[in-house]
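Asker: predicted coordinates and the sequence they were generated for:
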Amino acid sequence: MSAHRRATPRVAFSGERFFLSNFYPHPFFFNGHTYATAEHAFQAAKCVDESDAERVRIAPSPAAAKQIGRRVRLRADWDDARVEVMRAVLAAKFSDPDLRARLVATGKAELVEENTWGDRFWGRSRGAGKNMLGRLLMELRDSLRAT
């Protein structure tokens, strides 16, 4: 890093920061249902068929919810809607006062959903990617700090 650039602390979604992950087990209410994780809520929101959405909702783990979500018929507008859906899911998840305080306590750290499975839209893999999940979390953190 050059001397004129200031290092920004990075926070990955593991260890004590696992609460930032969509796989973090913390039930919350979203779109009329209780979901075990943000992953469950996000995957259910992409479903056209209500029975598929319910299978996702009751999946035994966030990994299972993600697997089911990969095999459902998607909403026609999914590619355009997915970021707004994630924004809404995160707002619901972090409406919990404890999680909200923990998110705000990350300060100005760059939140990065680093992964090894190649997701370069929601995170970064091998140093490359849009990190949309991290960006949405930082956006939410900034708006929570302003209130």
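Answerer: Nice, thanks for sending it over.
Asker: what about the helices in this protein?
Answerer: Under the criterion DSSP state H, the chain contains helices at 38-45, 50-57, 62-69, 78-93, 97-104, 132-146.
Asker: now render those helices as TSV, adding mean pLDDT, mean neighbour count and distance to residue 119.
Answerer: Placement of C-beta: from N, CA and C, glycine included. As requested, the helices of the chain are arranged in TSV below (pLDDT from 0 to 100; neighbours: other CB atoms under 10 Å; distance: least, CB to CB, whole Å):
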stretch	mean pLDDT	mean neighbour count	distance to residue 119
helix 38-45	98	26	12
helix 50-57	98	17	18
helix 62-69	97	19	11
helix 78-93	98	17	13
helix 97-104	98	14	21
helix 132-146	96	17	9
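Asker: just put these in CSV and tack on distance to residue 25.
Answerer: Converted to CSV, the helices of the chain look like this (distance: least, CB to CB, whole Å):
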stretch, distance to residue 25
helix 38-45, 10
helix 50-57, 14
helix 62-69, 8
helix 78-93, 11
helix 97-104, 12
helix 132-146, 17
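Asker: wait, which of these is closest to residue 111?
Answerer: Shortest separation from residue 111 across the helices of the chain is recorded for helix 132-146, at 4.2 Å, computed as CB to CB.
Asker: now the angle from that closest one to helix 38-45?
Answerer: Helix 132-146 and helix 38-45 are oriented at 110 degrees to each other (axes from the mean of the first three to the mean of the last three CA atoms, to 10 degrees).
Asker: ok, residue 47 - how many residues close by?
Answerer: Here the number of neighbours of residue 47 (other CB atoms under 10 Å) works out to 21.
Asker: that one contacts residue 78, doesn't it?
Answerer: No - taking CB atoms under 8 Å as the definition, residue 47 is not a contact partner of residue 78, at 9.6 Å.
Asker: contacts only, for the residue sitting nearest the centre point of the chain.
Answerer: Nearest to the mean C-alpha position of the chain, counting by CA atoms, centre = their mean, stands residue 22 at 4.4 Å. Residue 22 makes contacts with 37, 38, 39, 42, 62, 89, 133, as judged by CB atoms under 8 Å, 6 or more residues apart in numbering.
Asker: fine by me, we can end here.
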